[in-house]
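# Using only what follows, build the 3D model:
(chains A, B, C and D)
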Number of protein chains: 4
Amino acid sequence: MRSRIAWSDAQSIHVHGFDLCQELLGKLDLGSMAFLQLVHRMPTPQESVVFNALLVSLVEHGITPSTLSARLTLLGAPEALQGAVAAGLLGLGTTFVGTIEGAARIVQENPLTSRIPEEVDGLADSIVVKFVEQRQPIPGVGHPIHKPVDPRAERLFDLAREHRIDDSGEVLIRAVSRAAERRLQRSLPVNVTGAVGAIATTLGVPWGVTRGLGLMARTVGLVGHLLEELEQPIARSIWYQAEEQAHAEVHSKPKGDR
Amino acid sequence: MRSRIAWSDAQSIHVHGFDLCQELLGKLDLGSMAFLQLVHRMPTPQESVVFNALLVSLVEHGITPSTLSARLTLLGAPEALQGAVAAGLLGLGTTFVGTIEGAARIVQENPLTSRIPEEVDGLADSIVVKFVEQRQPIPGVGHPIHKPVDPRAERLFDLAREHRIDDSGEVLIRAVSRAAERRLQRSLPVNVTGAVGAIATTLGVPWGVTRGLGLMARTVGLVGHLLEELEQPIARSIWYQAEEQAHAEVHSKPKGDR
Amino acid sequence: MRSRIAWSDAQSIHVHGFDLCQELLGKLDLGSMAFLQLVHRMPTPQESVVFNALLVSLVEHGITPSTLSARLTLLGAPEALQGAVAAGLLGLGTTFVGTIEGAARIVQENPLTSRIPEEVDGLADSIVVKFVEQRQPIPGVGHPIHKPVDPRAERLFDLAREHRIDDSGEVLIRAVSRAAERRLQRSLPVNVTGAVGAIATTLGVPWGVTRGLGLMARTVGLVGHLLEELEQPIARSIWYQAEEQAHAEVHSKPKGDR
Amino acid sequence: MRSRIAWSDAQSIHVHGFDLCQELLGKLDLGSMAFLQLVHRMPTPQESVVFNALLVSLVEHGITPSTLSARLTLLGAPEALQGAVAAGLLGLGTTFVGTIEGAARIVQENPLTSRIPEEVDGLADSIVVKFVEQRQPIPGVGHPIHKPVDPRAERLFDLAREHRIDDSGEVLIRAVSRAAERRLQRSLPVNVTGAVGAIATTLGVPWGVTRGLGLMARTVGLVGHLLEELEQPIARSIWYQAEEQAHAEVHSKPKGDR
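This next block holds a predicted model:
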């Protein structure tokens, strides 16, 4: 039973083997600190730019189920900001940020052994077939609004290439997107979670904690929304409106009609 | 009813008025994005270094009630990493990171109107008296291990000065520390949460969301602990040991003895 | 370090000194089990009826911030029902069920020493004055819809009297209601949380965990709402509608306008 | 968009078509209210006894990861009891109470069409084979301590039969237990979650919310543990002990050794 992440004595605090005060504070941004936590070494300057970009791309999505839940929770429990943030994070499951995990898992469980287009496409086809047969959505591709391309995914791939991050993940997830489009006959571009999953893989993040990238980023976003809620509250209006609509029909119903 | 933080259409996503893909991705680290969320403008390069240092100082404290709670939760619900992180955040209340809020509130509600030592000390005395009279701990000062100084606080103040951040907050919180030491006759150095609260104030973060800095930083830390828990689990040992100790005495007790 | 609540060996499980299988299962309802947990003895049949009524009165309030938050969370994380329930509970803070705690605290910190009307009213006045001076709401009185009386409070007090529960709590909280109405010149009837706080006090529940009665009851309510959400989902409509309204004005705004 | 569970006007509150004050308060215990929420009708007296017994069997398991997490959270955030309860619930996932869901799903997806022993055993075998082939644990059977039988399961089945609840669920889950024992050659008795899943099915609870029975019951248990924690705290000892052990080895490690 041991933990090797951090320890301290009266004079110093060590994190992943580095002296916090002397070697980390002032020398490392929060995103690079996250890299250190997940990859157990310092990022190169190039890796730091790209890893931070992955996180920044996930911070904000405006009004979502997650930010609504956080705002509604703050209305009931203003004494505990941590509870409102936690309520927001709890909605970051399989439907939304969980797709990062799915995309990263695809890339980590199917390492590219060739870049010959036919072989890559064959691998991608075999991946897509499994999801389709199990009637499961293919993680990392498709978006209700951003099509034919998700501009965030494209920008992240561009950044990764500019900073000389190996592009194996991109090659495979793009092939998966094409294979899915062929098979399902609709626009299924690589979306932002697909790009994050693919690039995080190359940077060394195990797929089982890639959902954590979304959690880190969205905590930043949720605190921003709670600040706005404190300044210009909307939770009470959302509540009243939902209550009125949801109960509109039932007030006159006889007992036991369900 | 409106939210001005983020919005999007098929081609672009805007966050706080900036085009996410063109103006933020690759140009901004996660800590600076957090600054943008809380202060509603881009940080200067100097502000970015200091603000990131505040966040990095809060990421890791090793084995704490918060990281234990997250690890124990993952043991029971491995399907939902978000639940384990949320459980960890829920313990970041008044006892621990809440002191950032208290320290920031002191600084924001008592703006320095003079730097004459006697006047600063008088202000600090009046602040300390209120806490002592209400038998409440003085936020931002004192540490069980790190004394006579908390090296993280000193390093953060040094960084802030080096990067030409106004030091009004530091001046007041150091005076509060001295006033508290005089009155309570024990070592009560400014601790890391005191430094964070004071410097965050100068950077423009409202005290009501300063607890959010701890939440952002610790989410990074919690995901790191959950990765370690997946690789080298300790939660089950902690559980069995606690169970054995807590129940040791009671197995032979007669019914109704309490 | 010990816990005396429950322990077990291969043949038996004991809870608060009772054999779970032989003495509790089939002989005790869930509300009485809650009484056993909080008061450390079996309720009498009369106490059981009244304590269950307190809990049942708190189970359902239809569409509230708490049930909305739970439903929105399930939309994002259908894999973890426990996360959706937890998100719902997190909104049960000082604004809503926390008032049970406030009312119970009033009654527990101000034991009736006389039933002479003038003395009771004097005590109530002194209590009300403190809240008014600190500009804090008086817990347990007032309701936006249920006035001039909250029918649930009246019914709970009737039940308590019918079942011969001591009415000291009722006497005081009613006097607090009258004192508040005199001072603030508006209708402030004892509401359901005031009645629950007063009666729970008489039954022996320490005020520091009376918020727990709301948590127990609302967990029952939240699971009911999540079942309805699975069968007739409304979360996605609430999200889309809130998103559209919240962003309506800002799409055409120039950058940097805030 | 509508919700039919509860609505109210100034004079009355209705829940599932019943007048809360006139028809529910004082006439219904909390467990029966839970039945009403999940099955949308009043339980018979027999059903009420059995359903309450299911819930009561799940309330207490002493010191568990869930109760530890709640206690550790209260230490950090004593201002928010709801956060500590939520942290405890978040650990009630697939490892522990999730097995109720698994057992209920088996029974609901494999309705008994015959009671001829060979046919029941054949059905059970086919169920067990699927789990074994997918290398997944068989939900509802096996217990580390309670063997060769789990006394709670036996008691619940006895109660159900005494109260004339149809025993189809029991017949199948016992056959699954025997089939699992034959195939895996070890003791795998029906455990308490298997019994709860089977009986809840007969009572009409959809498997997708059976995890909710555990959440309702454990909320009662968690509030009990938090009361004990307030009176006789153990969280700090658990923390210090875990911290000391986890860091014991690493203090002298050179940097970068992982």
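
# From now on I want contacts and neighbour counts done on CA atoms only, so please keep to that.
OK.

# Pull the contacting residues for A:Leu55.
Taking C-alpha atoms under 8 Å, 6 or more residues apart in numbering or on different chains, we find A:Leu55 in contact with A:Gly31, A:Leu213, A:Gly214, A:Met216, A:Ala217, B:Leu30.

# nearest to A:Phe96, of these?
A:Gly214 (9.3 Å; C-alpha to C-alpha).

# pLDDT value on the closest one, please?
pLDDT, A:Gly214: 97.

# Helix or strand for the residue of the stretch 151-258 of chain A found nearest chain D, just tell me which one.
In the stretch 151-258 of chain A, the residue that lies nearest chain D is A:Ala246 (3.6 Å; C-alpha to the nearest C-alpha). According to DSSP states H and E, A:Ala246 maps onto helix A:235-247.

# Packing partners of that helix?
Where contact means 3 or more C-alpha pairs under 8 Å, 6 or more residues apart in numbering or on different chains; DSSP states H and E, helix A:235-247 is packed against helix A:65-76, helix C:65-76, helix C:235-247.

# Mean pLDDT and mean neighbour count added to these, as JSON lines?
Converted to JSON lines, the helices and strands packed on helix A:235-247 look like this (pLDDT from 0 to 100; neighbours: other C-alpha atoms under 10 Å in any protein chain shown):
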{"stretch": "helix A:65-76", "mean pLDDT": "98", "mean neighbour count": "30"}
{"stretch": "helix C:65-76", "mean pLDDT": "98", "mean neighbour count": "30"}
{"stretch": "helix C:235-247", "mean pLDDT": "92", "mean neighbour count": "18"}
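
# want to try a markdown table for those, with distance to D:Ala180 as columns?
Shown next, in a markdown table, are the helices and strands packed on helix A:235-247 (distance: least, C-alpha to C-alpha, whole Å):
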| stretch | distance to D:Ala180 |
| --- | --- |
| helix A:65-76 | 42 |
| helix C:65-76 | 33 |
| helix C:235-247 | 41 |
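
# Looks like the residue of the stretch 151-258 of chain A closest to chain D contacts C:Leu68 (just checking).
No - A:Ala246 is not in contact with C:Leu68 according to C-alpha atoms under 8 Å; the separation is 11.0 Å.

# just to revisit the earlier point, neighbouring contacts of the helix holding A:Ala246?
Here helix A:235-247 makes contact (C-alpha under 8 Å, 6+ apart) with A:68, A:71-72, A:75, A:229, B:1, C:62-65, C:68, C:238, C:242, D:1-4, D:7.

# Now do the end-to-end distance for stretch A:135-145.
With C-alpha to C-alpha, to the nearest Å applied, stretch A:135-145 spans 23 Å between its terminal residues.

# Stretch A:186-203 and chain C in contact?
No - using C-alpha under 8 Å from any C-alpha of the partner chain, stretch A:186-203 stays clear of chain C, with a minimum separation of 14.7 Å.

# how about that stretch against chain B, any contact?
No - with C-alpha under 8 Å from any C-alpha as the criterion, chain B is not reached by stretch A:186-203; the gap is at least 11.2 Å.

# domains of chain A?
A:1-42, A:44-242 (automatic domain parsing).

# can you pull out the strands in chain A?
When assigned using DSSP state E, the strands of chain A occupy the ranges A:6-8, A:13-15, A:18-19.

# quick one: A:Ala153 from chain B, how far?
Computed as C-alpha to the nearest C-alpha, to the nearest Å, the A:Ala153 to chain B distance reads 9 Å.

# List the residues that contact that residue.
If you count contacts by C-alpha under 8 Å, 6+ apart, A:Ala153 has them with A:Val190, A:Asn191, A:Val192, A:Thr193, A:Gly194, A:Ala195, A:Val196.

# and chain A, which residues reach chain C?
A:62-66, A:68-70, A:72-79, A:83-84, A:86-88, A:90-96, A:235-236, A:238-239, A:242-243, A:246.

# The closest residue to A:His40 other than its chain neighbours: neighbour count?
Excluding the flanking residues, the one nearest A:His40 by C-alpha to C-alpha, 6 or more residues apart in numbering or on different chains is A:His16, at 6.8 Å. A:His16 sits with 20 neighbouring residues when counted by other C-alpha atoms under 10 Å in any protein chain shown.

# Would you mind measuring from A:His16 to B:His225?
Going from A:His16 to B:His225 by C-alpha to C-alpha gives 12 Å.

# Repeat that for A:Ala70.
Taking C-alpha to C-alpha as the measure, A:Ala70 falls 24 Å from B:His225.

# again with A:Gly224
Distance, A:Gly224 to B:His225, by C-alpha to C-alpha: 25 Å.

# Closest to the centroid, which residue in chain A?
Nearest to the geometric centre of chain A sits A:Gly214, at 3.1 Å (C-alpha atoms, centre = their mean).

# just checking, that residue touches A:Val56?
No - at 9.6 Å, A:Gly214 does not count as touching A:Val56 under the criterion of C-alpha under 8 Å.

# A:Thr73 contacts A:Ala84, doesn't it?
Yes - A:Thr73 lies in contact with A:Ala84 (C-alpha under 8 Å); the separation is 5.1 Å.

# Between those two, which contacts overlap?
Counting by C-alpha under 8 Å, 6+ apart, the residues touching both A:Thr73 and A:Ala84 are C:Leu90, C:Gly91.

# where in chain A is pLDDT low?
A:249-258 (pLDDT under 70).

# Kindly provide the distance from A:Ala180 to chain B.
Here A:Ala180 is placed at a distance of 21 Å from chain B (C-alpha to the nearest C-alpha).

# ok, now A:Trp239?
The gap separating A:Trp239 from chain B is 12 Å, by C-alpha to the nearest C-alpha.

# picking that back up, and the helices and strands packed on helix A:235-247: which comes nearest D:Glu101?
Comparing the helices and strands packed on helix A:235-247 by C-alpha to C-alpha, helix C:65-76 comes nearest, at 16.3 Å.

# Please determine whether stretch A:164-178 lies in contact with chain B.
No - if you take C-alpha under 8 Å from any C-alpha as the test, stretch A:164-178 misses chain B, and the best it gets is 13.5 Å.

# Extract the CA atoms of that stretch and return them as CSV.
Taking Å, rounded to 0.1, in the frame of the first residue of the first chain, the C-alpha atoms of stretch A:164-178 are listed here in CSV:
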residue,chain,number,x,y,z
ARG,A,164,5.8,17.1,-34.7
ILE,A,165,3.6,14.8,-32.6
ASP,A,166,3.4,11.4,-34.2
ASP,A,167,0.2,11.2,-36.3
SER,A,168,-0.6,7.5,-36.1
GLY,A,169,-3.7,8.1,-34.0
GLU,A,170,-5.0,10.7,-36.5
VAL,A,171,-4.4,8.3,-39.4
LEU,A,172,-6.4,5.6,-37.8
ILE,A,173,-9.3,7.7,-36.5
ARG,A,174,-9.7,9.4,-39.9
ALA,A,175,-9.8,6.0,-41.5
VAL,A,176,-12.5,5.0,-39.0
SER,A,177,-14.5,8.1,-39.9
ARG,A,178,-14.3,7.2,-43.6
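
# And that stretch, what's buried?
A:Ile165, A:Ser168, A:Gly169, A:Glu170, A:Val171, A:Leu172, A:Ile173, A:Arg174, A:Ala175, A:Val176, A:Ser177, A:Arg178 (16 or more other C-alpha atoms under 10 Å in any protein chain shown).
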